[in-house]
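Chemist: Got a predicted structure plus its sequence, pasted below:
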Number of protein chains: 2
Amino acid sequence: MPRRPLRFDPVAEARRNWVERGWLEAADGMALVTSVMRVHQILLARVDDALAPFGLTFARYEVLMLLTFTRTGQMPLGKIGQRLQVHPASVTNVIDRLESDGLVQRRPHPTDMRTTLAVISVKGRRLAARATEVLNRDVFAEVGPTPEALQELFTTMADLRRAAGDFDPTPQPTH
Amino acid sequence: MPRRPLRFDPVAEARRNWVERGWLEAADGMALVTSVMRVHQILLARVDDALAPFGLTFARYEVLMLLTFTRTGQMPLGKIGQRLQVHPASVTNVIDRLESDGLVQRRPHPTDMRTTLAVISVKGRRLAARATEVLNRDVFAEVGPTPEALQELFTTMADLRRAAGDFDPTPQPTH
DNA sequence: TTTCAATAGTTGGACGTCAAAGTAGTATGG
DNA sequence: CCATACTACTTTGACGTCCAACTATTGAAA
C-alpha cells in the first residue's frame, strides 16, 4: 500500500475536532476506537507479509496453530469458531482453503453426524512450525515500544475484552 | 454472530502455549497482536451496529466526518486515502457507495484533471451529524474500563503507530 | 518540444468477515 | 414414538480491504 507518512497523528487530529465541537464525553472513546482500527491494520499487514511466503494468512495460521495445540490435532469446526471468535461461515471458508492446500482435512465426527472435525496434516504441522519461526522472529518479537508498555497494553485490552463479554470475567493469570 | 462467552481468555491461553514451547521472546508480542485483532473485531461490531440504522458503516462514516471537518466540505480522493490510511481502491469503493446514496458527490478538480474531489452533500452532513450523536452516546462514551486506562491505551498505541511509520515522529500533543 | 517517468483514479480479482437462509442430524417434550 | 426445537455446518450475497494492471494526465529531463 502507498505509505507516505503524514506529518501529524490523524487520530489526535480527529480528537481535537471532537473536543472543538464539545463532544468531550466521547472524544477519548473515539480516539481509542480509531487507534485500534489503525493498529489492527498495521499489525495485520505485518503478519500477513510475513506469512505470505508460506501461502498463509493470519486467519489460516490461527486455525493451524489452534489445531497444533490440541492433543489429537483435531477439533470440531464449531469449536474453532468459538475459540477464534469468528462466524461459522468464516470457519467454513478458511477450512475450505486449508483443505484444498492439504494442510488440514475434514473428517466426520465419530458419534455426532452433524459435526465435522478438522484434522491437521503432517504438511500442515510442518508449515505452521516454519511460519511460526519467521513470525516470532520478524513480527512478534519486534512489536511494541517497550516490553512494559506491551504488557500494560495487553492487560488493559484484556480488561476491555472481558468487559465486552469476550470471555467469562473469571480472573485469569496472564503469565 | 453467535457469542457464547468462553470460560477463559483465549489470548492468555495462546500465550501460555507460546511460553510452554519456549518462545519467550515472542510470547508478549503474539499476545498483543492477537488482542488487537479481537478488540478490533469487538469495537468494529459495536460501531457498525450503531451505524446500521443510518445505512452507514465505519468506513463510510469516517469519510463523511473527514469531509465535514474540511473548510469547503471537499477533498481529493487520494488525500482521503492518506488521511484514513486506506488503499486508493478502497476509497473508490467507499465513495462509490456514498455517492450512490447521495451523501457525497464526485467533482473534477479545477486545475488538475487527474484529481477527483469528493464533496459532501447537505444530506451527507445531516446524516453524519445524526450518526455522530448516536455513536458518541452509545459507543464512544461507553468504551474502556476507566478514563485513565483509556488515555493510557491511546497514548501507548500512538507510540506504536508512530514507530510503525504511520505518521511523522514529530511530538504531537494528544489533548 | 518531445519523450518518459510520476501521479490520480478505476477495474477486476482474491481474501476474510458477517448475516440470512437452507440442509441435515440430534434431543426433548407430550 | 413422534413432532418440534435445537445444533452444526454450508451456501449465497454484501461489504471492506488489498494488490496488480490499466488509463489518463501532469511534470521534468533531454
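Modeler: Perfect, thanks for sending it.
Chemist: Backbone dihedrals for A:Arg83, please?
Modeler: The phi/psi pair for A:Arg83 (degrees, to the nearest 10) reads phi -60, psi -40.
Chemist: and it, how many neighbours does it have?
Modeler: 17 (other CB atoms under 10 Å in any protein chain shown). Using the backbone N, CA and C atoms, a C-beta is placed for each residue, glycine as well.
Chemist: what bits of chain A have low per-residue confidence?
Modeler: A:1-4, A:169-175 (pLDDT under 70).
Chemist: Distance-wise, check A:Val36 relative to B:Val36.
Modeler: Look at A:Val36 and B:Val36: by CB to CB, to the nearest Å, they are 7 Å apart.
Chemist: right, and the helix or strand after the longest helix belonging to chain A?
Modeler: Counting by DSSP state H, the longest helix found in chain A is helix A:24-51. Downstream of helix A:24-51, the first helix or strand assigned by DSSP states H and E is helix A:58-68.
Chemist: The helix or strand following that next one pairs with which strands, parallel or anti?
Modeler: Counting by DSSP H and E, the next helix or strand C-terminal to helix A:58-68 is strand A:74-76. Note on strand A:74-76: by DSSP bridges, its sheet partners are strand A:116-120 (antiparallel).
Chemist: The strand it pairs with close to DNA strand D?
Modeler: Yes - using CB under 7 Å from any atom of the strand, strand A:116-120 reaches DNA strand D at A:116-117.
Chemist: That strand vs helix A:58-68, what angle?
Modeler: Relative orientation of strand A:116-120 versus helix A:58-68 (axes from the mean of the first three to the mean of the last three CA atoms, to 10 degrees): 90 degrees.
Chemist: So strand A:116-120, near DNA strand C or not?
Modeler: No - residues of strand A:116-120 are not located near DNA strand C by CB under 7 Å from any atom of the strand, the shortest gap being 10.7 Å.
Chemist: what's next to that strand, contact-wise?
Modeler: Applying CB atoms under 8 Å, 6 or more residues apart in numbering or on different chains, the contact partners of strand A:116-120 are A:63-64, A:67-68, A:73-77, A:80, A:95, A:98-99, A:103-109, A:128.
Chemist: how about a cut-off of 10 Å?
Modeler: With contact meaning CB atoms under 10 Å, 6 or more residues apart in numbering or on different chains, strand A:116-120 is reached by A:63-68, A:70, A:72-80, A:91-92, A:94-95, A:98-99, A:103-110, A:124, A:127-128.
Chemist: Are any of those residues buried, and if so which?
Modeler: Neighbour counting over the contacts of strand A:116-120 (16 or more other CB atoms under 10 Å in any protein chain shown) leaves A:63-68, A:73, A:75-77, A:80, A:91, A:94-95, A:98-99, A:103-104, A:124, A:127-128 as the buried ones.
Chemist: hang on, the earlier thing: what do A:Val36 and B:Val36 both touch?
Modeler: Contacts common to A:Val36 and B:Val36, judged by CB under 10 Å, 6+ apart, are A:157, B:157.
Chemist: re the thing from before, so which of the contacts of strand A:116-120 also contact DNA strand D?
Modeler: Checking the contacts of strand A:116-120 against DNA strand D (CB under 7 Å from any atom of the strand), the matches are A:76-79, A:91-92, A:95, A:106, A:109.
Chemist: from these, which ones fall inside helices?
Modeler: A:77-79, A:91-92, A:95.
Chemist: Reformat those as JSON lines; add distance to DNA strand C.
Modeler: Listed next are these as JSON lines, based on distance: CB to the nearest atom of the strand, whole Å:
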{"residue": "A:Leu77", "distance to DNA strand C": "12"}
{"residue": "A:Gly78", "distance to DNA strand C": "12"}
{"residue": "A:Lys79", "distance to DNA strand C": "15"}
{"residue": "A:Val91", "distance to DNA strand C": "8"}
{"residue": "A:Thr92", "distance to DNA strand C": "8"}
{"residue": "A:Ile95", "distance to DNA strand C": "10"}
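Chemist: What is the nearest of those to DNA strand D?
Modeler: Nearest to DNA strand D out of these is A:Gly78 (CB to the nearest atom of the strand; 2.4 Å).
Chemist: Hmm, the closest one is touching A:Ile95, no?
Modeler: No - at 11.4 Å, A:Gly78 does not count as touching A:Ile95 under the criterion of CB atoms under 10 Å.
Chemist: Contacts only, for A:Tyr61.
Modeler: A:47-48, A:50-51, A:54, A:94, A:98, A:127-128, A:131-132, A:135.
Chemist: hmm, try it at 8 Å
Modeler: A:Tyr61 sits next to A:47, A:51, A:128, A:131, A:135 when contact means CB under 8 Å, 6+ apart.
Chemist: So what's the residue count around the second one?
Modeler: Pointing back at A:Leu51 there. A:Leu51, neighbours per other CB under 10 Å, totals 20.
Chemist: Then the fourth one?
Modeler: Using other CB under 10 Å, A:Ala131 has 20 other residues around it.
Chemist: How about it, nearest residue that isn't a chain neighbour?
Modeler: A:Phe54 (4.6 Å; CB to CB, 6 or more residues apart in numbering or on different chains).
Chemist: is DNA strand C contacted by stretch A:132-149?
Modeler: No - for a cut-off given as CB under 7 Å from any atom of the strand, stretch A:132-149 has no contacts with DNA strand C; the smallest distance is 14.9 Å.
Chemist: quick revisit: thought A:Arg130 was touching the residue nearest to A:Ala131, still the case?
Modeler: Yes - A:Phe54 lies in contact with A:Arg130 (CB atoms under 8 Å); the separation is 6.6 Å.
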